[in-house]
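> would you be able to build a 3D model of this:
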Amino acid sequence: MAKKPAIGDEAVRAKTGKTWREWFALLDKAGAKAMAHRDIAACLHEKHAVGDWWSQMVAVGYEQARGLRAAHEKPGGYEISVSKTIGASAAALHRAFADARTRKRWLPDPAITIRTSTSPRRLRATWADGATVIDVNVLAKGAGKAQLTVQHGKLRDARAAAKMKKYWAAALAELRKIAE
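Alright, predicted model coming up:
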């Protein structure tokens, strides 16, 4: 295996009826190494009655295990996700991204173009490079506490994905300092 799946065998068996090893053998036999992702997922869904979400998960797990897809790789490039729970309201965390003056206090490269914003839950923006996108999701976790998740997508390669994963981890740690 090129990469061990993130989801364990017992969880996969509980939701799909088979372990990773069983799925991999079945997909190898079906010729999945030569299939597009959507065809692997369709095979799982249509021929084996696997639900939509789990068809995608098993297909990605198979592709990664067989070296057909790298970690964080998506059809449109690479995508990373960084999450942090912060002692601040969801509205305050949303504002930290939406308001340019506040964003400048904690984000090293604050030049983003906001495309959509639904306060206090979500924000979508084009990154400073003009090519990649960020999705910011905020989930209230009780009074004065919220989980902030940043997904940065359309990254060009695995190196850019690793760099941005570190970048966002440091940026959210800085945001936590000023928000709490």
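
> show me the domain layout of this protein.
Listed domain ranges for the chain are 9-65, 74-179 (source: automatic domain parsing).

> end-to-end on stretch 25-38?
Distance between the two ends of stretch 25-38: 19 Å, counting by Cα to Cα, to the nearest Å.

> list the buried residues in that stretch.
By neighbour count with 16 or more other Cβ atoms under 10 Å, stretch 25-38 contains the buried residues Leu26, Leu27, Ala30, Ala32, Met35, His37. Just so you know, the C-beta spots here come from the backbone N, C-alpha and C atoms, and that holds for glycine as well.

> ok, residues contacting that stretch?
Contact with stretch 25-38 is made by 18, 39-40, 43-44, 48, 59-60, 62-63, 66, 68-69, 75, as judged by Cβ atoms under 8 Å, 6 or more residues apart in numbering.

> take the domains of the chain and write them to a markdown table, including mean pLDDT.
Formatted as a markdown table, the domains of the chain follow (pLDDT from 0 to 100):
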| stretch | mean pLDDT |
| --- | --- |
| domain 9-65 | 92 |
| domain 74-179 | 94 |
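
> need the longest helix for this structure.
In the chain, with assignment by DSSP state H, the single longest helix is helix 158-179.

> quick one, phi/psi of the residue of the chain most remote from its centre?
Distance from the C-alpha centroid of the chain peaks at Lys29, with 29.8 Å (Cα atoms, centre = their mean). Lys29 adopts backbone torsions of phi -60, psi -30, taken as degrees, to the nearest 10.

> try His152
Torsion angles, degrees, to the nearest 10, at His152: phi -120, psi 120.

> if I look at it, how far off is Ala111?
Remark: distance between His152 and Ala111 (Cβ to Cβ, to the nearest Å) = 15 Å.

> repeat that for Ala173.
21 Å.

> now Thr16
Look at Thr16 and Ala111: by Cβ to Cβ, they are 44 Å apart.

> ok, Asp52 next?
With the distance defined as Cβ to Cβ, Asp52 ends up 37 Å from Ala111.

> higher neighbour count, the two?
More crowded of Asp52 and Ala111, by other Cβ atoms under 10 Å: Ala111, with 14 against 10.
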